[in-house]
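Novice: this one's sequence-less:
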């Protein structure tokens, strides 16, 4: 259903470093790049993510209640994605762990403050 998600950034170079590392852990890479915009994913694959400077020229801000979730392969993969995020400028929003009987997730923010998570359901 979702084709892709964009998050705003005020520093595309910093965002690129962060999302390049996350994408590599997820087994993908950049698929599109323009001035002020980079997208990660695979054409014809699952939903991708893009970091962009806002089109209207105003500063990027974080949406309250907005979150992007990356699906991991298993709990160890969720932990690796979380660790990669923190090692590349991300900040902790909730260490990986069980959130319910069949939902395991770790929460973090990118360097611009956008909320993300890595999860797996069993």
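Specialist: Great, that's in hand. These numbers were taken from a predicted model, which means no experiment stands behind them. Numbering: from 1, shown residues only.

Novice: and stretch 3-22, how far apart are its ends?
Specialist: The straight-line separation of the ends of stretch 3-22 (Cα to Cα, to the nearest Å) is 18 Å.

Novice: Name the surrounding residues that touch it.
Specialist: Residues from elsewhere that reach stretch 3-22 (Cβ atoms under 8 Å, 6 or more residues apart in numbering): 29-30, 36-41, 47-54, 59-62, 68, 70, 81, 84-85, 87-90, 110-112, 114. Glycine gets a C-beta too; all of them are placed from N, C-alpha and C.

Novice: ok, of these, which come out buried?
Specialist: Applying a neighbour-count criterion of 16 or more other Cβ atoms under 10 Å, the buried members of the contacts of stretch 3-22 are 38-41, 48-53, 60, 70, 81, 84-85, 88-90, 110-112, 114.

Novice: Out of the contacts of stretch 3-22, which sit inside helices?
Specialist: Assigned to helices by DSSP state H, the following of the contacts of stretch 3-22 qualify: 81, 84-85, 87.
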